[in-house]
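> Have a look at this prediction, sequence included:
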Number of protein chains: 2
Amino acid sequence: MPSGARQATLRTTNLGLALRTVCASPTPTSRSDIAAATGMTRATAARLVDELVAGGLLDEVAREALPRRGRPATPLLPGACFAALGLQVDAGLVAARVLDLRGRTVAERVELGDFRASDPAGTFARLRAVAAEVLAALAPGVRLVGAGLALPGLVDEDAGVLLRAPNLGWSDLPTAELLAGCVPPEVSVVLGNEADLAARTVAAEAPGRAGPHRDFLYLSGQIGIGGAVVLDGRVVTGSSGWAGEVGHVCVRPDGPPCTCGSTGCLELYAGRHALLHAAGLAPDVPSPELADRVRAGDPAATGALGTGAWALGVALAGVVNVVGIPTVVLGGHLAELAALLRPALERHLADRVLSARWQAPRIVGAQGPPAAGASGAALRALDVVLADPARFLG
Amino acid sequence: MPSGARQATLRTTNLGLALRTVCASPTPTSRSDIAAATGMTRATAARLVDELVAGGLLDEVAREALPRRGRPATPLLPGACFAALGLQVDAGLVAARVLDLRGRTVAERVELGDFRASDPAGTFARLRAVAAEVLAALAPGVRLVGAGLALPGLVDEDAGVLLRAPNLGWSDLPTAELLAGCVPPEVSVVLGNEADLAARTVAAEAPGRAGPHRDFLYLSGQIGIGGAVVLDGRVVTGSSGWAGEVGHVCVRPDGPPCTCGSTGCLELYAGRHALLHAAGLAPDVPSPELADRVRAGDPAATGALGTGAWALGVALAGVVNVVGIPTVVLGGHLAELAALLRPALERHLADRVLSARWQAPRIVGAQGPPAAGASGAALRALDVVLADPARFLG
DNA sequence: TGATTTTGTATCGCCTCGAAACATAAGGCT
DNA sequence: AGCCTTATGTTTCGAGGCGATACAAAATCA
């Protein structure tokens, strides 16, 4: 139920706007810049900034020697003392990463391993150790405003339950107890789907600063294929948060049965195991190896990639037709294959997407460090600061 | 670029909130009710209401004899003198309908015909005639705040160009000149995709009043199959407005070629022509006839419907998996077949949707009068009033 | 008739912003 | 060096809009 706006609403709204204006800019921003960008007067912008600086949400930084006429501006950056912790558990790694409000990685630790069909207690113990290391490395003044955990599966965010993660072999797993000890007691950990969170690292290159694409489909290829639809810079989670299961879009209804109960799912043709199997490689061979073989002209590898591109084309064309998205970002193991998949995949899409005549869908490989889900989880936690900075001022 | 909030922003925001509160309620609402619903004080609510009443955006209506203790409230309803015109051109009809801010149909005219591969000039002449009749029937005080035209195809809204409408046989058609004379010169007509607009009649039963579903996929079966994704009560139009082409989702990659350039599109199995052809009926037989045959046990008709349900199952499962929508609303000719399609279709979805174990997708038939696109176009035009009523006060 | 209850109205003060003048700190020019 | 110019930041004042509070109005109930 929406509530009436009052004087205080004005304040909080404009505080948020001022903060987001600073965050949105890749370079330091002055009070005067904020006034110009928002249409507020310099007086108002200054009032708001003063309050944000006093609360640590903005930092006044030393000015660069940039000789210009007029009184030099006081450059502002998002407060370095606000940070959030992102955690990730995946079939191949556990990770912890702390991002600050400027989007910098303050501390991180990624530990590779094989957590397929693992024991949750043991895996979470590893996660706890990794988190503890990262938190110990934090500077004393840093304030942890939240934490998130990226998991490769269906998640019930409100209940804090991992419903089903085929790659880990876990289902209906409450995480509250397992997460105890990962973070200070006053910080709560919010669960999230790995693809949904990883997509945030593409949608935003720092808290409040838009990334290269506003509307895209993100594919997170780990073992299966997860996905996330991003519209207008925001991840579409669906009414229950169970969106983005691109891996189980049907590309061949009379195809082989999938463990999900359906038949001919995308994962069976373009999943990591499927690609490696079709290429005649062992299931634990890393993706660059597959890419090398394709580049070397290995026929089995080339065929596997061709089949994968074909299946991706069928599935992604459906998504693009329905959601009207111009860009597909390939993450996870697919990122390393993006360059090789692109030509065939874009051709398939051009054939199957109705609006391709006016706007051909583009395929892009995801950039950035591994364990993007951890970064995304931290970004999401930091977003609550941007949404209502007034809460963090008292 | 977002702009700073000032005192006047407060006012316009709260004016909109007060108006929307009245619109959202199915029963008349008092100043006091608004205060309670929004958290504003009665003083503030009354101030805002007085202004809205003075501008005609709210009407004080006679109170029902509802004996209660205390001073009787003054019931308010959305202003009856604000209205918008919705137009629709489809393969089988042209229509004009005027809705007022209360969601009532003030005047309407639906003219059936066969406009497949028709001459745009002639068809638009029919539309002009229909619109003129409807506008002539309006009461003198009614103020037309906008107009919209629903078209069965890809539309460039900003340019006012119909890019491609296979059912009409039109493409790259600028509409500005053709629409001249349909509405008074000071009113502009905004184009929209028929499915997108029809979906609004499900999302909202009146301007500002939510309908039975907030998140759903709407299927608009005319000759082809259009669709619209509705999330959180809002139609997802995609960054270019080219979303919702469910009819060209691929359900059998090795199937027959489609006119769109792809193969095995949903339309080829569940489109109107496809169903009738498979049932051994002529292409102009109305859908209820097909339904009757199925109920009578006609094997060809039953088989056609079974194939249609199967194809819909494959395509819709993909959509549900990716967008996480719990409900599919069947409109157009599919509405009449909804009851017959539901059992098989829900079974297919239960098999192919990953989250069906926690939330089984539901199939619902669309209710309401024909030419839903016209209603949706009017609703969209009226939404601009709700978004910023202050614009209509001066 | 009067107490009670609910709705609507009037008055006042507070909060926040905009406008405009002022203060500050630099570069540029003579 | 000294003054002008320019851009930034600050101070002061006034206006708009809302909440709080008291009050008026119109009904039911006893």
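Received the coordinates, thanks. Because the structure is a prediction, the values reported are computed rather than measured.

> The longest helix anywhere in chain A vs helix B:299-323, what angle?
In terms of residue count, the longest helix belonging to chain A (DSSP state H) is helix A:299-323. Helix A:299-323 and helix B:299-323 are oriented at 100 degrees to each other (axes from the mean of the first three to the mean of the last three C-alpha atoms, to 10 degrees).

> what comes up buried for helix A:299-323?
The neighbour-count check on helix A:299-323 (16 or more other C-beta atoms under 10 Å in any protein chain shown) flags A:301-302, A:304-305, A:307-323 as buried. To be clear about C-beta, it is placed using only N, CA and C from the backbone, and glycine gets the same treatment.

> how far does the helix or strand that that helix is followed by sit from the chain's center?
Moving toward the C-terminus from helix A:299-323, the next helix or strand (DSSP states H and E) is strand A:327-332. Computed by C-alpha atoms, centre = their mean, to the nearest Å, the separation of strand A:327-332 from the middle of its chain amounts to 11 Å.

> so does the helix or strand that strand A:327-332 is followed by get close to chain B?
Counting by DSSP H and E, the element after strand A:327-332 in chain order, helix or strand, is helix A:333-352. Yes. If you take C-beta under 8 Å from any C-beta of the partner chain as the test, helix A:333-352 does meet chain B, through A:Asp351, A:Arg352.

> tilt between helix A:333-352 and strand A:327-332?
The directions of helix A:333-352 and strand A:327-332 differ by 150 degrees, with the same axes, to 10 degrees as the criterion.

> do you know how far A:Leu179 is from A:Glu111?
Applying C-beta to C-beta, to the nearest Å, the value for A:Leu179 to A:Glu111 is 17 Å.

> neighbour count winner among these two?
Counting neighbours by other C-beta atoms under 10 Å in any protein chain shown for A:Leu179 and for A:Glu111 shows that A:Leu179 has the greater number, 20 against 14.

> Cross-check the contact I'm expecting between that one and A:Gly148.
No. Look at A:Leu179 against A:Gly148 with C-beta atoms under 8 Å: they stay out of range, at 10.7 Å.

> shared neighbours of those two, which are they?
With contacts taken as C-beta atoms under 8 Å, 6 or more residues apart in numbering or on different chains, A:Leu179 and A:Gly148 have A:Val189 as neighbours in common.

> Please name the nearest non-neighbouring residue to A:Leu382.
Taking C-beta to C-beta, 6 or more residues apart in numbering or on different chains as the measure, A:Leu382 lies nearest to A:Pro207, with 4.2 Å between them; neighbours along the chain are not counted.

> what about A:Val235, helix or strand, and which?
Taking DSSP H and E as the definition, A:Val235 sits inside strand A:234-236.

> what do you get for A:Phe124?
Assigned by DSSP H and E, A:Phe124 belongs to helix A:120-136.

> need the next SSE after that helix, C-terminal direction.
On the C-terminal side of helix A:120-136, the closest following helix or strand by DSSP H and E is strand A:143-151.

> gap between that following strand and the chain center?
The chain centroid and the centroid of strand A:143-151 are separated by 13 Å, computed with C-alpha atoms, centre = their mean.

> how much space is there between the residue of the stretch 51-200 of chain A found nearest DNA strand C and A:Ala62?
Distances between the stretch 51-200 of chain A and DNA strand C by C-beta to the nearest atom of the strand are smallest at A:Arg71, namely 3.3 Å. Plainly put, A:Arg71 is 16 Å away from A:Ala62 if you go by C-beta to C-beta.
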